[in-house]
Structure formats: C-alpha cells, structure tokens
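Asks: kindly generate the corresponding structure for this input.
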Amino acid sequence: MKKNAIELGLKENWKQFSLLVLVNAFVGGMVGLERSILPEIAEKEFGIAATSAILSFIVVFGIVKAISNYYAGTLANRIGRKNLLVLGWIFAIPIPFILMYAENWNWIVAANVLLGINQGLAWSSTVVMKIDLVGERQRGFAMGLNEFAGYLAVGLVAYLTGWIAGEYGLRPYPFYLGIGLMVMGLLASIFFIKDTRRHASKEGDTSEIALLKNLFWETTWKDKNLGSVTQAGLINNLNDGMAWGLFPILLAVRGFNLEQIGIVVAVYPAVWGIGQLVTGRMADKFCKKDMLFVGMLLQALVLIALVWAGSMWQFVSLMALLGWGTAMVYPTFLATIAENTHPKDRAQSIGIFRLWRDLGYAVGAILTGVISDLISIEAAVGLVGALTLFSSAVIYIRMKCGEGSSIRLRSMFARPTVKC
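Replies: All right, here's what the predicted structure looks like:
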C-alpha cells in the first residue's frame with residue numbers, strides 16, 4: 001500500500017476524525033456562551049423589555065449563519081475544507097471580547113453576525129470533512145459523533161456560563177470561556193487538520209448516484225426525500241431558536257434563578273448531544289423516514305406539554321425528551337442528504353439544506369417574539385408545537401425509506417423483521 005494512499009472509513013481515518021470531533025466541540029461551545037444569559041443581559045444591563053427586541057440577536061445569527069452555510073458548500077469545493085474551517089475561526093476572534101465589553105445592544109447584535117459566519121463556515125466544514133472521511137459506511141454514526149460533540153459543548157458551556165454569571169456577575173467572567181475556545185479551535189484547525197477533498201474525489205469515482213440537475217430546487221423541495229429533510233430542518237431550528245430565546249425568559253417569569261435556568265437550558269442540548277451517539281448509529285441501521293417522523297412527532301408533543309409545565313422536574317424531564325427528539329433527527333438529516341447525493345454535489349447540497357435549516361432560527365425568533373409580545377409566551381410555544389406536528393406529517397406522507405437494507409423502526413416492537 002502506498003504511503004499516501006487515500007482510504008475511506010472511520011477506522012482508517014480515526015486520528016483526523018477524532019481531531020475534527022474535538023474542533024467541532026469548540027465550535028459548539030461558542031454558541032453555548034450566549035445560550036443561558038444573553039436574554040438576562042438584555043433586560044438587566046440594556047433595559048430591553050420587549051421579547052421581540054431581545055430575540056433580535058437570534059434573528060441576525062440565524063440569517064447570517066444560513067447565508068454562510070449556503071456559500072460554505074461552494075467554498076468547500078473551491079478553496080478546500082481546511083481553509084474554510086480556518087476562515088470560520090478567524091471570524092470568531094473578536095466575539096468573546098465584544099460580548100464582554102459591549103456598551104449597547106447593537107454591539108451584541110454585531111457579535112452575532114460574526115458568530116453566524118463562524119458557525120456557518122466552521123461547522124459546515126467539519127460536517128463535510130467527516131462525511132468525506134467515512135465514505136458510504138457509518139455516515140449516521142459519523143454525524144452523530146459530530147453533532148454529539150457540538151451540542152454537548154453547547155449544553156456544557158451554557159451551564160457553565162449560567163453558573164459563573166450567578167456567582168460572579170453577568171459580565172465579563174462568563175465570556176472568558178470564549179477566549180479559550182476560540183484560541184484552541186483556531187490553533188487546532190491551522191496546525192492539525194488536513195484537507196479531505198481527495199477523499200471525496202475517491203468516493204466520487206465509484207458512486208452510482210446521479211448528479212442533481214438543479215441542486216437548489218431539488219434539495220429545497222422537488223426531490224421528495226431531500227425536500228422532506230429540508231422542511232423538517234427548518235422547523236427543527238425554528239424550535240431551537242424559540243428554545244434559545246424564550247425558555248430563559250419563561251423560566252425567569254416563573255421564578256427560577258440564574259443557576260436553575262442554566263441547568264434547565266443545558267439539559268436540552270446536552271441530551272441532544274449525548275443522544276446522538278445512539279441515534280447516529282440508529283440512522284445507519286433503521287429507515288431514515290421513521291427516525292425523522294418519530295423524532296419530529298416527539299418534539300411536537302413535548303412542546304405542547306411545556307405550555308403547562310411548572311416545576312423544576314417537569315421542565316427538566318420535558319427538556320430531556322425534547323433533546324432526545326432532536327437527537328433522533330439531527331444526524332439523520334445529514335446522513336439522508338449524503339445518502340441521496342453524489343459526492344460532487346454533496347457539499348453544496350448540505351450547504352443548501354443548512355441554509356434553510358438555519359433560517360429557522362430567524363423565523364422562530366421573529367414569529368415567537370411577536371406572538372409572545374402580542375399574546376403570551378405560552379401561545380408562542382404552543383404554535384411552534386403545532387408547526388412541528390405538521391412537519392412530521394409531511395415526512396410521513398412524502399418520504400421513502402431509501403436503502404433496501406434499512407430496517408423499519410417499528411420492527412423493533414414486532415415479531416418479524418420488515419425490510420424497506
């Protein structure tokens with residue numbers, strides 16, 4: 001075997017894969033910086049009372065990240081995956097300093113412009129690089145590990161910032177974590193990560209999947225599997241945008257302190273992250289349609305139940321279930337995109353999917369912010385639950401299972417094993 005021969009597979013590329021998992025944890029941690037305390041900063045330090053105004057930072061973040069995702073797909077093929085990752089980290093350099101020393105809310109919004117670019121470029125590049133490395137096998141598990149690292153870091157940093165804010169104040173101490181994350185992520189990307197375009201080229205030489213005629217339209221809606229994934233991704237992140245912005249406010253209104261808010265808010269992404277170690281493997285084995293339908297349905301039921309939650313244990317339990325529902329769909333989204341696209345189309349198709357998915361942050365923040373101001377927070381949460389229920393129905397009606405070897409999820413509870 002030649003020394004520089006390209007091999008596909010998780011076992012064959014475990015060193016680079018592990019480094020990418022670590023780097024994506026740093027990427028996720030940058031989002032966790034804001035997760036539990038930014039709405040509190042808006043009210044206490046800048047005197048912003050309207051929910052829609054507070055959620056402006058999520059609107060900006062979602063739009064910028066969505067656009068960055070779209071261009072990340074093209075740039076990944078043009079300038080290389082590694083260069084795209086490093087560029088994403090360069091945009092992250094000022095973020096913790098702006099959050100520490102911002103004198104008005106406009107600076108917070110500006111920090112979220114940079115955060116959106118950082119997440120769009122850096123997270124997208126780690127997704128594409130992992131799919132390049134593993135080839136056709138274990139895509140779901142690969143995405144489960146990627147999203148596990150990212151969202152576990154979101155939850156951990158969200159908890160730590162909430163705890164630090166409760167002990168030492170809202171600023172600047174919680175954001176010192178961001179400096180460490182940014183430095184480690186940038187240095188690791190520059191000195192240890194290698195580009196994976198040659199891996200994608202090798203898989204492309206043997207792939208039997210046809211190239212898409214119109215990448216944007218096929219990924220957005222026309223292809224039944226890709227379109228179903230894309231709409232569900234948008235609704236899923238609409239949920240997440242609401243959870244990010246409204247749940248800390250809802251908990252504060254119901255009398256929870258900062259440390260309690262930090263715990264409740266952290267449970268959701270932590271279960272979401274850890275759960276993907278299991279659901280990623282499930283996405284390789286079970287019908288992806290079933291995984292997506294059940295995951296979105298569970299999210300819908302939990303969101304509707306959250307309207308009536310009152311105690312700490314109720315919130316923690318429901319947030320854990322919400323995290324599990326999201327864990328079922330997140331690695332399955334990306335594994336389904338990879339399964340239904342040629343390696344030459346894959347980076348751009350993932351970028352288009354992530355464009356629509358992360359526009360959900362903006363849609364969710366605007367929609368729920370306006371409804372919260374006009375009616376109530378509970379009404380906003382209930383509406384998002386209803387939209388999620390509708391999304392699960394779209395998956396049930398439009399999607400097909402895909403690979404002939406995939407197992408129907410319901411066969412786990414039945415006597416015979418039914419193949420798709």
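Asks: can we go C-alpha only for contacts and neighbour counts from here?
Replies: Fine.
Asks: in the longest helix along the chain, what's buried?
Replies: Across the chain, the helix with the greatest residue count (assigned by DSSP state H) is helix 343-374. Using 16 or more other CA atoms under 10 Å as the test for burial, helix 343-374 gives 343-372.
Asks: counting neighbours, what do you get for V253?
Replies: 10 (other CA atoms under 10 Å).
Asks: I'd say V154 and E34 touch.
Replies: No: look at V154 against E34 with CA atoms under 8 Å: they stay out of range, at 9.3 Å.
Asks: tell me which of the two has more neighbours.
Replies: V154 (29 against 23).
Asks: and the more buried one, how close does it get to L121?
Replies: Plainly put, V154 is 17 Å away from L121 if you go by CA to CA, to the nearest Å.
Asks: then P172?
Replies: Counting by CA to CA - P172 and L121 are separated by 27 Å.
Asks: ok, now G135?
Replies: From G135 to L121 the distance is 21 Å (CA to CA).
Asks: next one: E12
Replies: 26 Å.
Asks: which of these two has more neighbours?
Replies: With neighbours defined as other CA under 10 Å, E12 and L121 compare such that L121 has more, 32 against 13.
Asks: work out for me the element the more buried one sits within.
Replies: Here L121 sits within helix 105-134, counting by DSSP states H and E.
Asks: relative to helix 105-134, how tilted is the next helix or strand after that helix?
Replies: Going down the chain from helix 105-134, the next helix or strand is helix 139-168, by DSSP H and E. If you take axes from the mean of the first three to the mean of the last three CA atoms, to 10 degrees, helix 139-168 sits at 150 degrees to helix 105-134.
Asks: now do helix 139-168: distance to the chain's middle.
Replies: Once both centres are worked out by CA atoms, centre = their mean, to the nearest Å, helix 139-168 turns out to sit 11 Å from its chain's centre.
Asks: tell me the buried residues in the helix or strand that comes right after that helix?
Replies: The first helix or strand that comes after helix 139-168 along the chain, using DSSP H and E, is helix 176-191. Buried residues in helix 176-191, defined by neighbour count with 16+ other CA under 10 Å: 176-179, 181-182, 185-186, 188-189.
Asks: what's the answer for stretch 247-260, then?
Replies: 247-251, 256, 258-260.
Asks: filter those residues down to the ones in helices?
Replies: 247-251, 258-260.
Asks: quick one: those as JSON lines, columns for pLDDT and distance to I209 too.
Replies: JSON lines is the format used below for those (pLDDT from 0 to 100; distance: CA to CA, whole Å):
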{"residue": "F247", "pLDDT": "89", "distance to I209": "43"}
{"residue": "P248", "pLDDT": "89", "distance to I209": "45"}
{"residue": "I249", "pLDDT": "89", "distance to I209": "47"}
{"residue": "L250", "pLDDT": "91", "distance to I209": "47"}
{"residue": "L251", "pLDDT": "92", "distance to I209": "48"}
{"residue": "L258", "pLDDT": "83", "distance to I209": "51"}
{"residue": "E259", "pLDDT": "84", "distance to I209": "50"}
{"residue": "Q260", "pLDDT": "91", "distance to I209": "49"}
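Asks: would you turn the residues you listed into JSON lines with distance to I54?
Replies: Listed next are these as JSON lines, based on distance: CA to CA, whole Å:
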{"residue": "F247", "distance to I54": "12"}
{"residue": "P248", "distance to I54": "11"}
{"residue": "I249", "distance to I54": "10"}
{"residue": "L250", "distance to I54": "13"}
{"residue": "L251", "distance to I54": "15"}
{"residue": "L258", "distance to I54": "17"}
{"residue": "E259", "distance to I54": "20"}
{"residue": "Q260", "distance to I54": "21"}
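Asks: good, wrapping up.
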